[in-house]
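**Q** For reference, the sequence and a predicted model appear below.
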Amino acid sequence: MNQDSTVAEVHATVSGGIGLITLNRPKALNALSLPMVQALLATLQAWRDDRAVFAVAIRGSNKIGRPGSLEALFGGFCAGGDIRFFHQAALAGDSALDTFFTDEYTLNHLIHNYPKPYIAFMDGIVMGGGMGISQGGSLRIVTETTKMAMPETGIGLFPDVGGGYFLSRCPGHVGEYLALTGDTIGGEQAVAWGLADVCVPSETLPGLWAAMQTQGSVEDLKQWIATNVIATNPDSTRASGLFDVKDYAAFGLGSVAAIVAALEASGTKPARAMAATLRHRSPLMLHVVLEQIRRARGMSLADDLRMERDLVQHCFYTAHLDRSGVTSETVEGIRALAIDKDHKPVWNPARITDVKADMVTPFFVSPWPAGNHPLKDLA
């Protein structure tokens, strides 16, 4: 028997023992609003304890077809968090901004520790918060249309939603490269670097989604995945040799300035392009992000998420620099990208060499007293 529940932007149904989630905000590229985060969290918590549900799958909807309908699916997973909401809430001093990040990181932790198979169909755009609701999956499916990135340094933020944890586990110093530049990668590259498990043709997704629902148990589902998903796409799981991590060795250097200097000195076109990208990112947040990835490499997921909750608080309320609201780096970055759309953020400091250690270190000091952290209960 099927069960259905619909929250405006999240459609959840149980079919054949599998909980099916469709993100249904296509006009916003399925960017996560606070109601969406809370609906996802409540749904997954309910299904975790429901014996009638033995697995979960999640996908996004696209913009084709009748608005608000579920007729046209796939083609876009999730573009991240709703940065327009971040901007509005930060300027208004709205506590919903704090609630968003606490609930979102709780959701990310739940997915990584979910006791049942969690299958993410990561086609189209998979960025920011979209990575947070997919990277913890037991099967992460990408396609030739996948455009994956953690582009937060471009808006004066950092790769959150567990980004420190999963990026730091990429081979070599690919994690620093992805975190600092925010560059977009495709499906095969994601598989090669451990950010996806298999790359399949996008045209096969509807058939896989339907066939998945005919499996009668966890054992049947696992066998079906091995036979009909992994085994039928062997080339994608052997892609590691196609993307040489040595090309990103400069990102293992000790400072942002050293990384940029090495890239510019290398003489190759790709390296110069990476350096040019870094020079357009927030200098302050580049330093914070490099430290974030290096610290997260030795952390558990729960500790990383607690660190990231501290970081995001400092991003919007940067007390040690006497900056908040419109003067914060993150609000300025969002303004330039999504509000005024002039793509000319006024970063402060303006240059990589102007960032000093005493500007960076306080980001890693928790603003909450011991025992009062909003994510203190994450195990």
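**A** Everything's here; your move. Numbers count the residues shown, from 1 in each chain.
**Q** From the rest of the structure, what touches stretch 170-177?
**A** Stretch 170-177 is contacted from outside by 167-169, 178, 183, 193-195, 240, 245-246, 248-252, 259, 274, 290, 293-294, 297, using C-beta atoms under 8 Å, 6 or more residues apart in numbering. In this view, the C-beta of every residue, glycine as well, is placed from N, C-alpha and C.
**Q** could you pull out the strands for the stretch 51-200 of the chain?
**A** 55-60, 118-121, 125-127, 139-142, 147-149, 198-199 (DSSP state E, counting those that start in this stretch).
**Q** between those strands, which gets nearest to residue 31?
**A** Ranking the strands of the stretch 51-200 of the chain by proximity to residue 31 (C-beta to C-beta) places strand 125-127 first, at 9.2 Å.
**Q** Okay, buried residues for the closest one please.
**A** Buried positions in strand 125-127, judged by neighbour count with 16 or more other C-beta atoms under 10 Å: 125, 126, 127.
**Q** Hmm, the second one is touching residue 135, no?
**A** Pointing back at residue 126 there. No. Contact between residue 126 and residue 135 fails when scored by C-beta atoms under 8 Å: they sit 9.3 Å apart.
**Q** need the strands of the stretch 51-200 of the chain in a markdown table with distance to residue 111, can you?
**A** Shown next, in a markdown table, are the strands of the stretch 51-200 of the chain (distance: least, C-beta to C-beta, whole Å):
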| stretch | distance to residue 111 |
| --- | --- |
| strand 55-60 | 9 |
| strand 118-121 | 6 |
| strand 125-127 | 14 |
| strand 139-142 | 11 |
| strand 147-149 | 17 |
| strand 198-199 | 18 |
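**Q** Which among those is found nearest to residue 317?
**A** Nearest to residue 317, of all the strands of the stretch 51-200 of the chain, is strand 125-127, at 24.6 Å by C-beta to C-beta.
**Q** Need the contact partners of that closest one.
**A** Identification of contacts with strand 125-127 by C-beta under 8 Å, 6+ apart yields 29, 76-80, 134, 142, 146-151, 184.
**Q** so which one among those has the lowest pLDDT?
**A** Least confident entry in the contacts of strand 125-127, by pLDDT: residue 76, with 89.
**Q** before we move on, back to that, for residue 221, find the nearest of the strands of the stretch 51-200 of the chain.
**A** Among the strands of the stretch 51-200 of the chain, strand 55-60 comes nearest to residue 221, with 5.5 Å by C-beta to C-beta.
**Q** what packs against that closest one?
**A** Helices and strands touching strand 55-60, by 3 or more C-beta pairs under 8 Å, 6 or more residues apart in numbering; DSSP states H and E, are strand 18-23, strand 118-121, helix 205-212.
**Q** tell me the most buried of these?
**A** Comparing the helices and strands packed on strand 55-60 by mean neighbour count (mean count of other C-beta atoms under 10 Å), strand 118-121 ranks first with a mean of 27.
**Q** need the helices for the stretch 151-300 of the chain, in chain order.
**A** For the stretch 151-300 of the chain, applying DSSP state H, counting those that start in this stretch gives helices covering 163-168, 174-181, 187-192, 205-212, 218-225, 256-266, 269-278, 283-296.
**Q** brain fart, the stretch 1-150 of the chain
**A** Counting by DSSP H, counting those that start in this stretch, the helices of the stretch 1-150 of the chain are 34-48, 83-92, 96-112, 129-132.
**Q** can you list those helices in TSV and add mean pLDDT and distance to residue 221?
**A** Shown next, in TSV, are those (pLDDT from 0 to 100; distance: least, C-beta to C-beta, whole Å):
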stretch	mean pLDDT	distance to residue 221
helix 34-48	98	15
helix 83-92	97	36
helix 96-112	98	17
helix 129-132	98	23
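**Q** Which of these has the highest mean neighbour count?
**A** Burial of those is given as mean neighbour count (mean count of other C-beta under 10 Å); helix 129-132 ranks first at a mean of 28.
**Q** Tell me how many other residues crowd the residue lying closest to residue 351 once chain neighbours are set aside.
**A** Excluding its sequence neighbours, the residue lying closest to residue 351 (C-beta to C-beta, 6 or more residues apart in numbering) is residue 283, at 5.9 Å. By other C-beta atoms under 10 Å, 24 other residues sit near residue 283.
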